[in-house]
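**Student:** How does the following fold in three dimensions:
(one chain, ligands or ions: 1)
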Amino acid sequence: MKVVTTIAEVRAAVAEARARGDAVSFVPTMGALHDGHLSLVDAARRLGRYVVMSVFVNPLQFGPNEDLAKYPRDLEGDVERALSRGTSIVFAPSVDEIYGRDRATEIRPLQIAEEWEGASRTGHFAGVLTVVAKLFNIVQPDFAVFGQKDLQQACLIQAMARDLDFSLKVVVEPTVRDSDGLALSSRNQFLSARERKSALALPRALTKVRAAHRAGVRKVAELEHVAEEILSAEQGIELDYLAVVDTRTFKRVRTVAGNAAVIAAIRVGTTRLIDNELLEP
Ligand code: PAF
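**Tutor:** Model prediction:
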């Protein structure tokens, strides 16, 4: 069976793979798969022979003002894309299968979640960590693969795996971009051609920051200014945040000295986009 919907079925499939001696890698998704997700499958295949992908639109990570009902869903297409790229099994549970019992527990993140995406989307990261912890316990993989585009999420998941002693390795893969530079995201489909053109200011600004950092600029005020100039010159976008942060704490730093990334979120029309560049990984 290549597509399963129950916890018992996915556990049985993973147990069989383990009995064959296969390492298990895991790609959690909310579906609406694009090439970014499929590159995570490629990475998962390099790490472990048996690749599990979950497709689950997690209601817990949507805020009251975020439209869960509008989240793009195409399970049939997702399954086809995932399997043709080498995924061994797709786990597509119902909300009831995951949250059916009365829930008395959630995973609440600490410092890393306080600002940026955490501030803009109240409760979002508690929802993400709770479902990811559940999925880790259900699948029990050796490796779990996430994309760098959601950098704050990836760092939180790495911290959770460490803090709660999950016995797996969290791997973060580079962001995949379209040929025009825009980071792949299931939200890009909501952009009109004009909005997309405006949105390109975001990767342009972040690339310029990285270039300035490579050229030796270490003062964060100077680096942020480079990006702000580009973003403020672009009509039709609204800056939500732009910051150079330490990726271990997600606190803004004043000077770049290791473990730094420039992160940003913008609104283009009704679409919110995030992106980042690592400065000192
Ligand atoms: O990044 C996502 O698609 C989701 O936040 C995740 C990690 C699958 C949890 O629902």
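**Student:** Going along the chain, name the strands of the stretch 51-200 of the chain.
**Tutor:** 89-91, 143-147, 169-173 (DSSP state E, counting those that start in this stretch).
**Student:** Which single residue of the stretch 151-281 of the chain approaches the ligand most closely?
**Tutor:** When distances are taken as CB to the nearest ligand atom, the stretch 151-281 of the chain reaches nearest to the ligand at residue 153, 5.8 Å away. To be clear about C-beta, it is placed using only N, CA and C from the backbone, and glycine gets the same treatment.
**Student:** Touching, that residue and residue 121? I think so.
**Tutor:** No. Counting by CB atoms under 8 Å, residue 153 sits too far from residue 121 to count as a contact (10.6 Å).
**Student:** which of these two has more neighbours?
**Tutor:** The neighbour count for residue 153 versus residue 121, taken as other CB atoms under 10 Å, is higher for residue 153 (25 against 19).
**Student:** Chain neighbours aside, what residue packs nearest to the more buried one?
**Tutor:** Spatially, and ignoring its direct neighbours in sequence, residue 153 is nearest to residue 128 (5.8 Å; CB to CB, 6 or more residues apart in numbering).
**Student:** show me what contacts that neighbour?
**Tutor:** Going by CB atoms under 8 Å, 6 or more residues apart in numbering, residue 128 touches 58, 61, 153, 156-157.
**Student:** burial measure for residue 110, as a count.
**Tutor:** 9.
**Student:** what about residue 278, is that helix, strand or coil?
**Tutor:** strand (DSSP: H, G, I helix; E, B strand; the rest coil).
**Student:** Okay, and the beta partners of the residue lying closest to it once chain neighbours are set aside?
**Tutor:** Nearest residue to residue 278, sequence neighbours excluded (CB to CB, 6+ apart): residue 261, at 5.0 Å. With DSSP bridges as the criterion, the beta-bridge partners of residue 261 are residue 245, residue 278.
**Student:** Let me have the strands of the stretch 51-200 of the chain in JSON lines, extended by distance to residue 223 and mean pLDDT.
**Tutor:** Output for the strands of the stretch 51-200 of the chain, formatted as JSON lines (distance: least, CB to CB, whole Å; pLDDT from 0 to 100):
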{"stretch": "strand 89-91", "distance to residue 223": "41", "mean pLDDT": "98"}
{"stretch": "strand 143-147", "distance to residue 223": "23", "mean pLDDT": "98"}
{"stretch": "strand 169-173", "distance to residue 223": "22", "mean pLDDT": "98"}
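**Student:** Adding mean neighbour count and distance to the ligand, write those out as CSV.
**Tutor:** Shown next, in CSV, are these (neighbours: other CB atoms under 10 Å; distance: least, CB to the nearest ligand atom, whole Å):
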stretch, mean neighbour count, distance to the ligand
strand 89-91, 24, 12
strand 143-147, 24, 6
strand 169-173, 19, 11
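**Student:** Of all the ones you listed, which one is nearest residue 272?
**Tutor:** strand 143-147 (16.8 Å; CB to CB).
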